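> sequence first, predicted model second:
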Amino acid sequence: MSESGGTLIVTGGGRGIGAATARLAAMRGYAIAVNYAENAATASAVAREIQQENGRAVAIQADISQETEVVQLFETAERTLGRVSALVNNAGITGGFSRLEDLSAATLERVLAVNVTGAMLCAREAVRRMSKRRGGAGGTIVNISSRAAQLGSAGEWIHYAVTKGAIDTLTLGLASEVANEGIRVNAVAPGLVDTDIHAAAGEPGRPQRMAVGIPLGRVGTPEEIAEAVVWLLSPGAAYITGAILSVSGGR
C-alpha cells in the first residue's frame with residue numbers, strides 16, 4: 001500500500017509524539033486527522049502547519065474513552081478526509097506520580113479508560129473499516145506503548161506501566177487476528193522522551209534526572225519516535241506485524 005493511500009488518524013495528535021507523527025506522516029503523503037480531547041488550540045495549530053505545507057489535515061475533538069465519541073471521530077475523519085487507512089494509537093495519560101498503595105480508584109479507572117479502553121475502541125473502529133473480510137482495502141495500526149511496560153516504573157507510575165503492558169498484549173493479539181485481512185499491527189515502545197507528559201505528571205525535569213541511566217546518554221525527541229512510527233506504517237515495513245519496537249536509547 002502506498003504511503004499516500006488514505007487517511008491517518010493520530011489520537012492525541014496535538015502535542016509531543018502525536019504531533020511529531022502527524023507532521024512527518026503528512027510529509028509522506030497521508031491526510032491527517034489530528035485528534036484531541038481538550039486542547040483545541042494545539043491540535044488546530046498542528047493541522048494548520050500541515051495545511052501550510054500543502055498537506056491535508058483537520059483537528060477532530062473526541063475523548064477516546066467514550067465509545068460514541070470514538071465512532072464519531074472515525075466517521076468525521078472519513079467524511080472530511082477520505083478512507084481511513086492507518087491509525088496511530090498515541091493518546092494516553094499517566095495519572096500522575098503515585099506509589100500503588102496511595103493510588104485512588106478514580107485515578108486508576110481514568111488511566112485504564114483512556115490508555116486501554118480508548119486504544120481498543122480505536123483499534124476496533126479501524127479494523128471495521130480496513131479489514132478485507134469486511135470489504136475494506138487493508139491498512140496499518142501502530143500502537144504507542146512504553147518501555148515502562150517492561151521496566152515497571154516502581155515508585156512512580158506502576159498504573160501507567162500496567163496500561164502499556166496491555167497495549168503490548170493488544171498489539172500481539174490483534175496482529176494475529178487480522179493478519180490475513182490485510183491489516184498490520186505493530187507498536188513502538190519509547191523510552192524517556194522530552195515531551196510535556198512529565199510536566200503534566202508533576203515533574204518537568206524528570207527526563208534530565210533519569211538521562212544518566214540511558215546508554216546513549218540522552219533523552220529522545222518526539223521526532224525520533226515519529227520516524228519509527230511512520231516507518232512501521234510504510235511499505236518498507238510490509239513484512240512486519242506483531243512487533244514491539246523499542247526506541248529507548250538502549251534503556
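Cool, the structure landed.

> how about the longest helix anywhere in the chain: buried residues?
Assignment by DSSP state H gives helix 158-178 as the longest helix of the chain. Residues 158-168, 170-172, 174-175, 178 are the ones in helix 158-178 that count as buried (16 or more other C-beta atoms under 10 Å). Quick note: C-beta positions are derived from backbone N, CA and C, even for glycine.

> low-confidence ranges in the protein?
Counting by pLDDT under 70, the chain shows low-confidence ranges at 1-5, 198-199, 201-203.

> switch to 90 and redo it
1-5, 194-213, 251 (pLDDT under 90).

> what residue in it is the furthest from its centre?
In the chain, counting by C-alpha atoms, centre = their mean, residue 101 sits farthest out from the average C-alpha position, at 28.7 Å.

> for the spatially most central residue of the chain, what are its contacts?
Computing the C-alpha centroid of the chain and ranking residues by C-alpha atoms, centre = their mean puts residue 90 first, at 1.7 Å. When contacts are counted by C-beta atoms under 8 Å, 6 or more residues apart in numbering, residue 90 is found next to 10-13, 17-18, 21, 144.

> can you flag the buried ones in the residues you listed?
Burial by neighbour count, judged by 16+ other C-beta under 10 Å, picks out 10-13, 17-18, 21, 144 from those.

> coming back round to it: separation between the residue nearest to the centre of the chain and residue 228?
Relative to residue 228, residue 90 is positioned 12 Å away (C-beta to C-beta, to the nearest Å).

> distance of residue 243 relative to residue 85?
As it turns out, when the distance is counted by C-beta to C-beta, residue 243 lies 19 Å from residue 85.

> and of the contacts of residue 90, the nearest to residue 46?
Closest to residue 46 out of those is residue 13 (6.3 Å), distances taken as C-beta to C-beta.

> what's near enough to touch the nearest residue to the closest one once chain neighbours are set aside?
Of all residues beyond its chain neighbours, the one nearest residue 13 is residue 34 (3.9 Å), with distances taken as C-beta to C-beta, 6 or more residues apart in numbering. Taking C-beta under 8 Å, 6+ apart, we find residue 34 in contact with 10, 13-14, 18-19, 22, 43-44, 46-47, 50, 57-60.

> what sits against residue 121?
Listed by C-beta under 8 Å, 6+ apart, the contact set of residue 121 reads 64, 67, 70.

> state the number of residues packed around the closest residue to residue 181 other than its chain neighbours.
Once its chain neighbours are removed from consideration, residue 181 has its nearest residue in residue 131; the separation is 4.3 Å (C-beta to C-beta, 6+ apart). The criterion is other C-beta atoms under 10 Å. On that basis, residue 131 has 19 neighbouring residues.

> isn't residue 131 right next to residue 179, touching?
No. Shown here, residue 131 and residue 179 do not form a contact pair, counting by C-beta atoms under 8 Å, at 10.9 Å.

> this completes my enquiry, with thanks.
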